[in-house]
Structures are given as C-alpha cells and as structure tokens.
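Participant: have a look; sequence and predicted model below, questions after that.
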Amino acid sequence: MVILLTILHVIICLFLVIVVLLQSGKAADLAGAFGGMGSQTAFGPRGASTVLSKATEIAAALFMVTSLSLGILSTRSAGGSSSVLERQKTTTQQKKAAPQAQPSVQMQQEGNAPGKAIPLPMPEKPAATPEKK
C-alpha cells in the first residue's frame with residue numbers, strides 16, 4: 001500500500017510541476033515587465049479559469065492528500081515513534097543504571113586450546129608504604 005501510494009505521489013508531483021511551468025504569468029506582457037498594469041485591478045484581471053489552472057488545483061489537492069496519507073502511514077508503521085534524542089537519552093540512562101562491576105578475575109585464552117578461557121588473577125595494588133622522615 002505504501003509503495004503504491006508513493007508511486008502515485010511522485011506521479012502527481014511531476015504532473016503538478018509540469019502544469020505549473022506551462023502556465024503563463026498574469027503580467028507576462030511588455031507593460032508588466034515595467035510595472036505598468038494599465039486599467040487592470042490591483043492584483044490583475046480575474047478572468048475565467050483555464051484548463052491548466054483547474055488541473056493545477058486538482059493536482060495540488062491530490063498532492064496534499066497523498067502527502068498526508070504517507071505521513072499517517074509512516075507513523076503507524078514506525079511502532080514506537082520516538083525521536084533520536086529520546087532514544088539517546090534512554091541508552092544513556094541504561095548505561096548509568098548498569099553497575100560498573102570490575103571483575104577481580106581477568107579472562108584469557110586457555111593454553112593451546114583456542115576459544116576456551118581460564119581465569120587469571122588481577123594484579124593487586126601494592127600496599128601503601130609509610131613515608132620516610
């Protein structure tokens with residue numbers, strides 16, 4: 001469903017771009033280039049809508065509908081929708097909550113048998129020596 005909607009969205013997008021580029025501007029004549037609107041109203045003449053303007057309106061409405069549909073479908077399929085910052089915060093909290101246990105026995109590979117480990121004692125810290133006066 002999402003793939004079909006995405007393909008439809010891209011087709012509508014391309015159609016909308018083409019239709020908008022095919023339309024001529026309201027002040028496309030020579031007087032419009034120099035700012036003269038003549039006897040036209042403040043925002044240009046309001047004539048009958050052409051086929052291209054109707055196609056633009058329909059394509060824009062379909063574009064909005066497919067955009068909203070894709071947005072809704074993506075949030076529903078995301079499951080636990082959380083932001084990257086929220087996920088980073090939870091992993092940081094989990095790391096702080098886990099005890100930082102330092103093992104007293106270090107594991108190293110056993111003799112000649114690869115993959116097996118034997119415990120080796122960690123070197124102890126030397127006892128504090130009294131200072132000489």
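Facilitator: Noted; the coordinates are in hand.
Participant: so which elements touch the helix or strand where residue 16 lies?
Facilitator: Assessed by DSSP states H and E, residue 16 sits inside helix 2-22. Applying 3 or more CB pairs under 8 Å, 6 or more residues apart in numbering; DSSP states H and E, one finds that helix 2-22 contacts helix 51-77. Just so you know, the C-beta spots here come from the backbone N, C-alpha and C atoms, and that holds for glycine as well.
Participant: who does the helix it packs on touch, helix- and strand-wise?
Facilitator: So helix 51-77, by 3+ CB pairs under 8 Å, 6+ apart, packs with helix 2-22.
Participant: give me the buried positions along the helix it packs on.
Facilitator: Within helix 2-22, the residues scored as buried using 16 or more other CB atoms under 10 Å are 9, 12, 15, 16, 19.
Participant: same thing with stretch 62-79?
Facilitator: 62, 66, 69.
Participant: residue contacts, the last one?
Facilitator: Right, the one you point to is residue 69. residue 5 (CB atoms under 8 Å, 6 or more residues apart in numbering).
Participant: from residue 3, how far out is it?
Facilitator: With distances taken as CB to CB, to the nearest Å, residue 69 is found 13 Å from residue 3.
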